[in-house]
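1. sequence? don't have it. structure:
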């Protein structure tokens with residue numbers, strides 16, 4: 001997550017992380033498919049310099065050049081670990097079950113059609129043979 005001020009350059013406003021507890025989390029809120037460790041959050045600065053009048057930007061090159069304005073930026077990286085149990089119960093097992101059941105169902109239908117087709121063609125050729 002990046003927080004950046006686009007309206008005022010770094011000379012007017014300077015963003016920085018608080019040294020004491022920069023993030024506050026509600027312990028009751030959780031992600032059902034990810035595990036989150038708040039002790040592994042990395043906080044960094046990501047100051048950017050934009051060329052005035054265009055959309056080009058330059059990272060980490062803030063200088064006193066008159067064509068470029070340096071804007072303050074801070075960044076937080078939240079490491080998430082995927083929980084396998086959620087995907088096994090919610091996605092993999094139902095998908096596998098649907099594939100197996102559809103295979104068995106189609107196998108039963110095609111075996112019935114094969115038997116019906118075989119019986120139909122034998123009857124057809126018997127009638128055809130009697131006529132001619």
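-> Looks like it came in fine. These figures come from a predicted structure and were not determined experimentally.

2. which pLDDT value belongs to residue 98?
-> For residue 98, the pLDDT comes out at 94.

3. run a quick neighbour tally on it.
-> Other residues within reach of residue 98, judged by other C-beta atoms under 10 Å, total 10. In short, each C-beta sits where N, CA and C put it, glycine included.

4. and for residue 80?
-> By the criterion of other C-beta under 10 Å, residue 80 has 12 neighbours.

5. and it, what are its bridge partners?
-> Residue 80 has these beta-bridge partners by DSSP bridges: residue 36.

6. what's the separation between it and residue 30?
-> Distance of residue 80 to residue 30, given as C-beta to C-beta, to the nearest Å: 12 Å.

7. then residue 20?
-> Residue 20 sits 25 Å away from residue 30, going by C-beta to C-beta.

8. who's more crowded, these two?
-> The neighbour count for residue 20 versus residue 30, taken as other C-beta under 10 Å, is higher for residue 30 (10 against 5).
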